[in-house]
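A.B. asks: Kindly generate the corresponding structure for this input.
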Amino acid sequence: MALKIRLYFSDKIQSDLVSHLTQEQSHYVKVVMRLKKGDYLSVFNTQGEWNAIIENYEKKGARIKILKKVRDKKNERNVWLAFSPIKQNPLNFLIQKGTELGVQKFIPVQSERTVVKKINITRVKKIIVESSEQSNRISIPEINNLQTLKNFLSQFPKNGYLIFCDLNCEKNNLKNILSKKIEEPVCVLIGPEGDFSEIERKLIIDLKQTHSISLAKNILRAETAALSAITIVNYHLNLS
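C.D. replies: Numbering: from 1, shown residues only. Coordinates of the predicted model:
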C-alpha cells in the first residue's frame, strides 16, 4: 500500500472512523493530487498516524475512512526557538525549516531593535502544519503570540536551558552544557537585526538558565543563525 500524501487531522482518530476532510484538504487531494475514490492517504495528529481511504467526494468534502494505525507518537526533544520577528519571506523560511528540524515551540520576542512589529499567526500556523505534513513528523509545533523580551525571560522555565547566540561570546561549549540527559526545554534565542541592546544583553546573561554560545566569526542573518543553532543543539542532544 503506497501512501501518497499525509494530512494533519485535528479531530480524534480511530480505526473504522468515517469523517470528512476540510474543504481546503479536499481540494488538495482531488484537484492537486488527483486522488480518486478508493485511493489511500495518511492522516495524523498528536495521537499517531493512520492509513485512510477516500470513500467518496461529497459537497461537505472528501469522505474518508480510517483504516489502521501505522505509527505512534514518539518522544521528541523539547527544543524551542525564541526569535525577533523578521520580514515575511525569511520568516516563512525560518518557520518551515525550523519545523522540519524538530522545533516544538516558536516564540516571537520583541526587543528594542525589533523592526517587524507584527506576525500573522494564522499564516504561520498554516506553514507549520504543511511543513509537518511534508517532513513526516507527527507533532505540530506551537506558535506563541508576540511578547516582550522582558516577559519572555521572566516566564522562562526555571529548569530550562536558554541557548543564547551571542555575537560577543567567543566559545561554543554546548558539548558540556548538553552532555547529560535533558528533560526540560532547550530554547535557542536569536536577536534582531542589529542584535540586542547592551541592557537587553545583560538581562539575558544574568538569567541563571542562560548559556551563551558563538555560532560563527561572520555576522549571520537571523534565519541562518537560528537554523544553524537548532542544528547544533539537535546534534549535541542526540549524543546525550
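A.B. asks: May I have the predicted confidence score for the residue nearest to P192 when sequence neighbours are not counted?
C.D. replies: Nearest residue to P192 in three dimensions, chain neighbours excluded: S84, at 3.5 Å (CB to CB, 6 or more residues apart in numbering). (Glycine included, C-beta is placed from N, CA and C.) Looking at S84, its pLDDT is 94.
A.B. asks: contacting residues around S84?
C.D. replies: Going by CB atoms under 8 Å, 6 or more residues apart in numbering, S84 touches 108-111, 113-114, 116, 190-193, 222.
A.B. asks: where does the protein dip in pLDDT?
C.D. replies: Filtered on pLDDT under 70, the chain yields the residue ranges 1-4, 170-172, 179-181, 239-240.
A.B. asks: Please confirm that L91 is located within a helix.
C.D. replies: Yes: applying DSSP: H, G, I helix; E, B strand; the rest coil, one finds L91 inside a helix.
A.B. asks: So it sits against L81, correct?
C.D. replies: No: applying CB atoms under 8 Å as the test, L91 and L81 come out as separate, 11.7 Å apart.
A.B. asks: can you count the residues close to N92?
C.D. replies: Using other CB atoms under 10 Å, N92 is surrounded by 17 other residues.
A.B. asks: ditto for I143
C.D. replies: The criterion is other CB under 10 Å. On that basis, I143 has 19 neighbouring residues.
A.B. asks: any idea how far T114 is from it?
C.D. replies: 17 Å (CB to CB, to the nearest Å).
A.B. asks: quick one on the thing from earlier: so between L91 and L81, which is more surrounded?
C.D. replies: Using other CB under 10 Å as the criterion, L91 and L81 rank with L81 on top: 26 against 22.
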